[in-house]
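Trainee: give me the fold of what follows.
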Amino acid sequence: MPELPEVETVRRGLDPHLAGARLVRVVARRPDLRFPLPDGFVQRLTGARVGSLARRAKYILAPLDRGDTLIIHLGMTGRFTIETGGEATAPGDFALAAPADPKHAHVVFETDAGTTITYFDARRFGYMDLIDTATLDAHPRFRDMGPEPLGPDFDVDRLARAFAGRRQGAKTLLLDQRVVAGLGNIYVCEALHRARVSPLKPAAEIGPRKRAALVAAIRDVLAAAIAAGGSTLRDFASADGVMGYFQHDFAVYGREGEACPTPRCRGIILRTVQAGRSTFHCPVCQT
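Mentor: Got it, this is the predicted structure:
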């Protein structure tokens, strides 16, 4: 599933084409994605002007001048193409991927600038909704979310409070969206390795120096992934239908049995399973 950097990359790719644009035509080629589309979906979007796109956790938020916000979750295989003058635009520096399959083109947005933005979703695990902008923060999808990991509210004090008295491993807590919003399996593994924190160690036993290193590592690994355009996952594509390449820089994720890349560390990357998810870590330098 796309993680925060992938979603942010898609948001940045879409924003220049949607922010300030009016939607002159909207086509929904089916009544549902993962969930049914909201009542009046096409009518409520057609003619609306879009504000600047935002992101909350793994959701893309497109505010409309009619008082609603279009929320988009990419699910496992959700992706966009952007066509202007018959050619796809590139929002970042990516490696090429296969073109989207037209039979999975479920929602189409046409703007007053002549741009066509198409949402594809082969497995239909993604979804879209329209929510009253004034009540967005209180909506069930958002009201219990923790702070954004790249925002000012996520800091060492916040992490200390979240870890206090907890016997769960640090990785388990970091994946809890109530602790911090938008973190996923890949980048938590990478951040824990960068901070030299074991994913298995009870959170309450992680001291202040390691907590500070972990906050910095989370910020650094996400920023690096966003700058690289996100990770190259099999089913993820950026807004123009091509893939990012941050996976080439993964230190531990997917590297079971390989030597730890930490200088002078002789550890071998292990894979364990926590709450049904693969955890990759070095048992030597991550303590």
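
Trainee: count the neighbours of Met145 for me.
Mentor: Other residues lying near Met145 total 17 when counted by other Cβ atoms under 10 Å. (C-beta placed from N, C-alpha, C; glycine too.)

Trainee: same check, this time on Gly182
Mentor: Gly182 has 23 neighbouring residues, counting by other Cβ under 10 Å.

Trainee: quick check: it vs Cys265, distance?
Mentor: Noted for Gly182: a distance of 29 Å to Cys265, by Cβ to Cβ, to the nearest Å.

Trainee: check Asn185 too.
Mentor: As judged by Cβ to Cβ, Asn185 and Cys265 stand 22 Å apart.

Trainee: of those two, who's got more company?
Mentor: Asn185 (19 against 14).

Trainee: ranges for the strands of the protein?
Mentor: 23-28, 54-56, 59-63, 68-73, 78-84, 87-88, 105-111, 115-121, 127-132, 270-274, 277-281 (DSSP state E).

Trainee: now those strands in TSV, with mean neighbour count?
Mentor: Output for these, formatted as TSV (neighbours: other Cβ atoms under 10 Å):
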stretch	mean neighbour count
strand 23-28	16
strand 54-56	17
strand 59-63	22
strand 68-73	22
strand 78-84	22
strand 87-88	12
strand 105-111	20
strand 115-121	20
strand 127-132	19
strand 270-274	14
strand 277-281	19
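
Trainee: can you list the weak-confidence ranges in the chain?
Mentor: 1, 88-100, 230-248 (pLDDT under 70).

Trainee: show me how it divides into domains.
Mentor: Residue ranges for the domains of the chain, per automatic domain parsing: 4-138, 156-281.

Trainee: tabulate those in JSON lines, adding columns for distance to Met145.
Mentor: Shown next, in JSON lines, are these (distance: least, Cβ to Cβ, whole Å):
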{"stretch": "domain 4-138", "distance to Met145": "6"}
{"stretch": "domain 156-281", "distance to Met145": "4"}
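
Trainee: Asp144 is nearest to which of those domains?
Mentor: Nearest to Asp144 among the domains of the chain is domain 156-281 (5.4 Å), distances taken as Cβ to Cβ.

Trainee: now the end-to-end length of that closest one.
Mentor: For domain 156-281, the first-to-last residue distance is 22 Å (Cα to Cα, to the nearest Å).

Trainee: please name the residues that touch the closest residue to Ser198 other than its chain neighbours.
Mentor: Among residues not flanking Ser198 along the chain, Gln286 sits closest, at 4.6 Å (Cβ to Cβ, 6 or more residues apart in numbering). With contact taken as Cβ atoms under 8 Å, 6 or more residues apart in numbering, Gln286 is in contact with 192-193, 196-199.

Trainee: got it, and Thr77?
Mentor: 104, 120-126, 235-236.

Trainee: top of the contacts of Gln286 by neighbour count?
Mentor: Result: Leu192 is most packed of the contacts of Gln286 (other Cβ under 10 Å), 30 neighbours.

Trainee: could you identify the most distant pair in the contacts of Thr77?
Mentor: Arg124 and Phe236 (15.3 Å).

Trainee: who has more neighbours, those two?
Mentor: Neighbours were counted for Arg124 and for Phe236 using other Cβ under 10 Å; Phe236 has more, 23 against 17.

Trainee: one step back: let me know the closest of the contacts of Thr77 to Thr135.
Mentor: Distances from Thr135 to these, taken by Cβ to Cβ, are shortest for Gly126, at 22.6 Å.

Trainee: and the closest one, how many neighbours?
Mentor: 24.

Trainee: kindly report the same for Pro31.
Mentor: 8.

Trainee: for the closest residue to it other than its chain neighbours, give its distance to Glu110.
Mentor: Distances taken as Cβ to Cβ, 6+ apart place Leu37 nearest to Pro31, at 6.0 Å, with adjacent residues excluded. Look at Leu37 and Glu110: by Cβ to Cβ, they are 17 Å apart.
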